[in-house]
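J.: structure of the sequence below:
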Amino acid sequence: HTYQVEVVLGIAEGVEGAPAITPCSAEPGASPGGLSNAATVEHNDLTDDATACVAIAYIVVDKSISAGPTPNGDGTWTIVYDVVAENVGGESGEYDVFDRLHYGDGIEILDAAVTTAPDGVETNAGWTGRGAETSDPENLVASGVELAAGATHTYQVEVTVQMDEATIDPADLQCPPPGSGANGGLANSASLDHNGIVAEDGVCASLPLIGIEKSISAGPTPNGDGTWTITYDLVAANTGQAAGDYDVVDRLLYGEGVVVESAAITSAPDGVEPETGWTGQGAAGSADNLVAAGVTLDAGATHTYQVQVVVSLDREVVTPEALQCPEPGSGENGGLANATELTHNGETRGDDVCATLPLVDVTKTVSAGPTPNGDGTWTVTYDVVATNAGAADGTYEVTDRMTADGDLEVRSGAVVTAPDGVTPNAAWTGLGAEGAPENVIASGVVLPAGGTHTYQVEVVLGIAEGVEGVPVITPCSAEPGASPGGLSN
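T.: Okay, here's the model as predicted:
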């Protein structure tokens with residue numbers, strides 16, 4: 001007589017992770033293992049026993065990152081994932097394995113391939129990892145693969161990516177919650193189907209996103225000696241989700257006639273050694289512009305450098321046009337333009353700022369006279385015109401000093417006209433020694449860029465008392481170093 005008993009078995013509910021599946025045991029008295037089935041027959045108080053045991057295959061999958069993301073120095077990164085299938089059961093079994101890329105928007109996949117597979121396993125030549133659903137054919141790595149009990153199979157998937165660092169949203173570099181199936185960063189999930197049981201695992205890495213911002217934190221500040229000081233801030237910020245290395249350069253693109261008296265890196269991030277040879281005055285690509293190289297910046301961190309420059313103007317060379325700032329991003333010279341570039345993994349991002357300076361000049365003309373007053377004196381009116389031909393407001397002090405030659409003498413003098421809002425010095429006489437306060441017409445006066453200020457000085461002169469005979473009245477002289485003659489002002 002033959003009986004057949006059919007049993008359906010599965011993994012107990014509530015088991016998490018790889019289940020414990022023991023092999024069948026032939027050891028007397030040992031736990032039978034597997035699914036053990038004992039049969040007993042009894043006849044006339046005699047019994048006979050027989051046992052049989054079966055084990056099952058149970059295949060799980062593990063996903064990990066074995067290399068990268070590695071910067072390739074050309075704006076791309078390469079990452080290698082390991083997909084490991086393991087049979088934790090007691091019998092061999094078959095499986096299908098899938099691998100899907102869940103990358104964030106803006107991360108462009110340049111190349112993706114299954115680069116390593118177990119001996120004897122033929123992988124799917126159509127695998128791309130870009131199917132919308134896990135079980136899509138584009139995500140199938142291999143199917144119908146036999147795996148012996150206790151054995152493992154390892155596959156490697158290699159992907160090369162790039163991104164537009166100027167436009168990508170940093171949020172797209174964030175890894176999604178594990179197991180969510182959402183996109184983000186370099187998320188990758190593996191799925192293994194064995195006997196209708198689906199095992200899944202996922203990993204995610206991210207990328208750095210390092211940019212640079214340039215600003216003027218101080219100045220240009222007049223130093224009272226014909227020079228100005230300006231301080232620039234260079235701020236590198238990593239808004240990505242991984243650390244990255246960068247080089248930063250800073251180049252002074254000053255207008256012709258702007259003389260760099262000194263330039264120095266005055267502040268750098270903790271632990272960063274700036275380049276001692278930096279001058280900022282090299283041609284494009286010159287080592288003279290290198291601020292720091294090979295600097296590591298953690299995810300979410302910033303690095304701030306300060307560059308301080310002292311300048312003067314070569315008044316024989318500088319022109320108002322040379323003090324105009326160039327178009328942002330043009331790389332042209334002008335004013336106190338300063339351009340910064342940060343290079344990370346072969347990609348360069350830049351920023352620039354510019355300030356300018358005043359260019360205040362003075363002209364002196366005789367606008368009226370000398371007019372005889374009918375009493376042995378003459379009246380002369382002088383125009384003193386301050387002009388700011390620069391592109392920035394400037395603060396000035398204007399002096400006016402008179403020197404009478406021969407037998408002429410100044411009887412009186414007054415500032416009769418001044419610009420709106422300017423109060424001239426009531427103590428002005430114009431007769432003080434060189435540098436004397438009585439020669440100062442006005443000080444601390446702000447002259448807007450492109451503006452002019454006009455002062456009029458009226459002087460009454462005559463022949464010095466006590467002169468007998470024909471007075472000595474010298475002509476005005478234009479000879480350098482000679483006595484100016486006449487009434488010099």
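
J.: could you pull out the strands in the stretch 51-200 of the chain for me?
T.: With DSSP state E, counting those that start in this stretch as the criterion, the stretch 51-200 of the chain has strands at 59-71, 76-87, 93-103, 107-116, 140-147, 152-163, 186-194, 197-203.

J.: and the fifth one, what does it pack onto?
T.: Applying 3 or more Cβ pairs under 8 Å, 6 or more residues apart in numbering; DSSP states H and E, we find strand 140-147 packed against strand 76-87, strand 93-103, strand 152-163. (Glycine included, C-beta is placed from N, CA and C.)

J.: and the average pLDDT for that strand is what?
T.: For strand 140-147, the mean per-residue pLDDT is 98.

J.: by how many degrees do that strand and strand 93-103 diverge?
T.: Here strand 140-147 runs at an angle of 160 degrees relative to strand 93-103 (axes from the mean of the first three to the mean of the last three Cα atoms, to 10 degrees).

J.: also the first one?
T.: Put simply, strand 59-71 runs at 30 degrees to strand 93-103, going by the same axes, to 10 degrees.

J.: with the last one instead?
T.: Taking the same axes, to 10 degrees, one finds strand 197-203 and strand 93-103 inclined to each other by 40 degrees.

J.: report the strands that pair with strand 197-203, each with its relative direction.
T.: Strand pairing for strand 197-203, determined by DSSP bridges: strand 186-194 (antiparallel).

J.: now swap in the second one and tell me
T.: Strand 76-87 has the following sheet partners, assigned by DSSP bridges: strand 59-71 (antiparallel), strand 152-163 (antiparallel).

J.: of those strands, flag the one that's most buried.
T.: Mean neighbours per residue, mean count of other Cβ atoms under 10 Å, is largest over these for strand 152-163, with a mean of 20.

J.: around G394, how many other residues sit close by?
T.: Residues near G394, counting by other Cβ atoms under 10 Å, number 19.

J.: circling back: please name whichever of the strands of the stretch 51-200 of the chain is nearest to G462.
T.: Smallest distance to G462 across these (Cβ to Cβ): 84.4 Å, for strand 152-163.

J.: returning to what we had before: quick one: the helices and strands packed on strand 140-147 as JSON lines, columns for mean pLDDT too.
T.: JSON lines is the format used below for the helices and strands packed on strand 140-147 (pLDDT from 0 to 100):
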{"stretch": "strand 76-87", "mean pLDDT": "97"}
{"stretch": "strand 93-103", "mean pLDDT": "97"}
{"stretch": "strand 152-163", "mean pLDDT": "97"}
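
J.: now those strands in TSV, with distance to G144?
T.: As requested, the helices and strands packed on strand 140-147 are exported to TSV (distance: least, Cβ to Cβ, whole Å):
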stretch	distance to G144
strand 76-87	13
strand 93-103	6
strand 152-163	13
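
J.: for T276, which of the ones you listed is the nearest?
T.: T276 lies closest, by Cβ to Cβ, to one member of the helices and strands packed on strand 140-147: strand 76-87, at 32.3 Å.

J.: that closest one versus strand 107-116: what angle between them?
T.: Calculated by the same axes, to 10 degrees, strand 76-87 forms an angle of 40 degrees with strand 107-116.

J.: show me what counts as buried in strand 76-87.
T.: Within strand 76-87, the residues scored as buried using 16 or more other Cβ atoms under 10 Å are 76-87.

J.: G329 contacts R349, doesn't it?
T.: No - counting by Cβ atoms under 8 Å, G329 sits too far from R349 to count as a contact (11.6 Å).

J.: who has more neighbours, these two?
T.: Per other Cβ under 10 Å, whichever of G329 and R349 has more neighbours is R349, with 18 against 10.

J.: so that one bridges to which residues?
T.: The partner residues for R349, given DSSP bridges, come to L342.

J.: distance check, it against E275.
T.: Note on R349: its distance to E275, by Cβ to Cβ, to the nearest Å, is 19 Å.

J.: quick revisit: need the buried residues of strand 76-87 in CSV (columns: distance to A433).
T.: Compiled in CSV, the buried residues of strand 76-87 are given as follows (distance: Cβ to Cβ, whole Å):
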residue, distance to A433
T76, 74
W77, 74
T78, 78
I79, 80
V80, 84
Y81, 86
D82, 89
V83, 92
V84, 94
A85, 99
E86, 100
N87, 105
